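K.L.:
Whatever this is, show me its structure:
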Amino acid sequence: MVRAAHIEPTIAVTTIAAVLAFAFGLNASRLVVATAAVFAGQLVIGWSNDLIDVGRDSAVQRRDKPLVTGDLTPQMVAVALGCATVAAVALSAALGWRSALTHLVLLVGSGIAYNLGLKSTAFSWLPYTIAFGSLPAVLSLADNPPALPAPWIIAASAALGTAAHFLNTLPDLADDAATGVRGLPHRLGARWSKASATALLFAATVITVLGETGSPQGWAWLALLGACALAFGVLAGHGRLPFRCAIAAAALNVTLLVTMVRL
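P.N.:
Numbers count the residues shown, from 1 in each chain. Model prediction:
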């Protein structure tokens, strides 16, 4: 069941939500509820993805998919999906209607739209852009009083999320193509998808470093230099180096974003 939930991205997004909630200054109880709401929402996205894609995954014999191997039945995942949906709605509602609508419609809704078919179109990037761009708002609107995050925070998060789409799709390009999935990364190909992810990660760094004032602090220039080095590693590296540099660049962006929000 954990594997069917796409646990790695689920934990990654939930962790980002938790640290952003802390950065926005949510009190302990709200931070816990907000983190739990995002976690439940990510479970909804992950389990619905495997349910919807069971036919495609079986066609290419995805042995990493429990529904394909028979370790899980569709009925078991459907029950878990229903429980996660109820939890996501209830926990989101506890954060107030503004935060709840943003989370359920823009973030979870974007994930469901991706699963239902947008991933097979040239607009496959859009759900990631909307979902990640709305995540800071889910948390800032859960505060008392609720408030929208600064535009640069939304822009940096959206760029980071769009980059995640390209990076997440790269390992599955061949399997996806075999089952008729042709999102933007598939149309661009591996080389240009990697370049697009790199450009978006670097753009997120620049947006975050410039922040609200447009005048970065001294240490931020070092972060920007590090982002340049990682971008070069992604584009020019061989073997596992490009992927590791991309993950490091994503981690750098999240760290920068939380630091700048906290400041």
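
K.L.:
Between the two ends of stretch 143-152, how far is it?
P.N.:
End-to-end distance of stretch 143-152 (C-alpha to C-alpha, to the nearest Å): 19 Å.

K.L.:
How far off centre is stretch 116-135?
P.N.:
10 Å (C-alpha atoms, centre = their mean, to the nearest Å).

K.L.:
wait, stretch 189-198
P.N.:
Using C-alpha atoms, centre = their mean, the offset of stretch 189-198 from its chain centre is 17 Å.

K.L.:
buried set for that stretch?
P.N.:
193-198 (16 or more other C-beta atoms under 10 Å). C-beta: built from backbone N, CA, C; applies to glycine.

K.L.:
Could I get the full set of helices for the stretch 151-263 of the chain?
P.N.:
Ranges of helices within the stretch 151-263 of the chain are 151-169, 173-178, 184-188, 190-210, 218-236, 241-262, based on DSSP state H, counting those that start in this stretch.

K.L.:
winner for burial among these?
P.N.:
Comparing the helices of the stretch 151-263 of the chain by mean neighbour count (mean count of other C-beta atoms under 10 Å), helix 151-169 ranks first with a mean of 23.

K.L.:
Which other helices and strands does that helix contact?
P.N.:
On a contact count with 3 or more C-beta pairs under 8 Å, 6 or more residues apart in numbering; DSSP states H and E, helix 151-169 meets helix 125-140, helix 184-188, helix 190-210, helix 241-262.

K.L.:
Need those in a markdown table (columns: mean pLDDT).
P.N.:
Shown next, in a markdown table, are those (pLDDT from 0 to 100):
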| stretch | mean pLDDT |
| --- | --- |
| helix 125-140 | 96 |
| helix 184-188 | 92 |
| helix 190-210 | 89 |
| helix 241-262 | 83 |
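
K.L.:
and A28, how many neighbours?
P.N.:
Around A28 there are 8 other residues, counting by other C-beta atoms under 10 Å.

K.L.:
now swap in the one 3 residues further on and tell me
P.N.:
L31 sits with 20 neighbouring residues when counted by other C-beta under 10 Å.

K.L.:
For the nearest residue to it once chain neighbours are set aside, give me phi and psi.
P.N.:
Leaving aside its sequence neighbours, L31 sits nearest to A21 (C-beta to C-beta, 6 or more residues apart in numbering; 4.5 Å). According to degrees, to the nearest 10, the main-chain angles of A21 amount to phi -60, psi -40.

K.L.:
How many residues are close by A21?
P.N.:
By the criterion of other C-beta under 10 Å, A21 has 24 neighbours.

K.L.:
right, and it touches T35 too?
P.N.:
Yes - proximity of A21 to T35 meets the contact threshold set by C-beta atoms under 8 Å, at 6.4 Å.

K.L.:
looking at the helices and strands packed on helix 151-169, which is closest to L170?
P.N.:
Among the helices and strands packed on helix 151-169, the nearest to L170 by C-beta to C-beta is helix 190-210 (6.0 Å).
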